[in-house]
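Peer 1: I need the structure of the sequence given here:
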Amino acid sequence: MSHFSNLTYPLIIISLTIFVLITPACEAVEDDQRKHLVIVFDGLRADYITPDLMPNLYRFGQEGVVAENHHVVYPPVTRVNSPSLATGSYPGTHGLMHNHIYLPEISEDMEPIIDIHQHTNYHGRSYEDMLSHQRAMGITTTILLPAGRPVNTASTHGGESNGLGGVQAGGNKSCYDFAQQYPDEFLFGANEVPDLPDAIEEIEKYLKLGAHMIGESKFGVECDSPEMRKNL
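Peer 2: Next up is the predicted model:
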């Protein structure tokens with residue numbers, strides 16, 4: 001992380017989106033009027049803001065207010081969350097649903113749009129919400145990535161990487177069942193916590209049922225460990 005060591009300005013621009021919310025212009029600004037500058041660091045992880053890496057931004061937060069339980073709107077991409085921040089409304093209201101625009105009246109002859117990274121039960125999202133979102137986006141084929149069995153082990157970071165905590169994504173059966181309901185629109189992958197004794201058998205089971213890929217693996221297991229070698 002040494003490439004951040006010289007970034008000491010109080011506001012570091014990293015893929016920056018800026019919204020300026022100001023009071024109406026007038027010749028004289030009353031004492032009780034305020035100008036607000038809202039700066040959004042797009043993609044800046046919270047654990048980068050440390051006294052060593054970004055001392056001034058860290059101090060800025062310590063002297064102000066740090067929200068520790070805030071959440072983005074879904075889907076968690078720039079062009080969806082930016083208007084939500086600016087308008088205070090959800091994507092269903094402001095109408096921007098992803099980082100690209102789908103216009104059915106002019107897009108019928110376009111190439112298929114394939115989404116290779118979706119999860120079932122993402123943050124509690126229902127099947128109906130998943131289906132309506134993908135259709136609204138004009139996605140022709142979606143590949144569902146299972147999270148592996150919900151076990152609390154060191155390799156799953158205490159359950160954060162496989163459905164117990166974090167985004168609470170669904171496992172193999174959840175992805176398989178959803179894809180079976182909508183076979184013309186959804187495909188599924190196979191996945192498992194790699195250091196479970198029967199991980200290979202679980203992955204093979206769903207590959208035989210028609211899984212199109214293995215993934216996504218976000219487990220705390222070394223990439224060249226015996227567990228990963230046998231799964232690959």
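Peer 1: In this structure Arg125 contacts Tyr74, no?
Peer 2: Yes - using CB atoms under 8 Å, Arg125 is in contact with Tyr74, at 6.7 Å. No exception for glycine: its C-beta is placed from N, CA and C like everyone else's.
Peer 1: for Lys205, helix, strand, or coil?
Peer 2: With DSSP: H, G, I helix; E, B strand; the rest coil as the basis, Lys205 sits in helix.
Peer 1: Count residues in the vicinity of it, would you?
Peer 2: Other residues near Lys205 number 16, with proximity taken as other CB atoms under 10 Å.
Peer 1: quick one: Pro197 from Arg149, how far?
Peer 2: For Pro197, the distance to Arg149 equals 12 Å [CB to CB, to the nearest Å].
Peer 1: who's more crowded, the two?
Peer 2: Using other CB under 10 Å, the more surrounded residue of Pro197 and Arg149 is Arg149, with 20 against 7.
Peer 1: is it true that the more buried one touches Gly171?
Peer 2: Yes - in this structure Arg149 lies within contact range of Gly171 using CB under 8 Å: 5.9 Å.
Peer 1: Buried residues in the helix or strand harbouring Gly61, which are they?
Peer 2: In this assignment (DSSP states H and E), Gly61 forms part of helix 55-62. The neighbour-count check on helix 55-62 (16 or more other CB atoms under 10 Å) flags Leu57, Tyr58 as buried.
Peer 1: Dump it to PDB, restricted to CA.
Peer 2: Coordinates of each C-alpha in helix 55-62 appear next as PDB, following Å, rounded to 0.1, in the frame of the first residue of the first chain:
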ATOM      1  CA  PRO A  55      -3.700  11.100   7.700                       C
ATOM      2  CA  ASN A  56      -5.500  14.300   6.800                       C
ATOM      3  CA  LEU A  57      -8.700  12.600   5.600                       C
ATOM      4  CA  TYR A  58      -8.600  10.300   8.700                       C
ATOM      5  CA  ARG A  59      -8.300  13.400  11.000                       C
ATOM      6  CA  PHE A  60     -11.100  15.100   9.100                       C
ATOM      7  CA  GLY A  61     -13.300  12.200  10.000                       C
ATOM      8  CA  GLN A  62     -12.200  12.100  13.600                       C
END
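Peer 1: now for it, which elements pack on it?
Peer 2: With contacts defined as 3 or more CB pairs under 8 Å, 6 or more residues apart in numbering; DSSP states H and E, helix 55-62 has no helix or strand neighbours.
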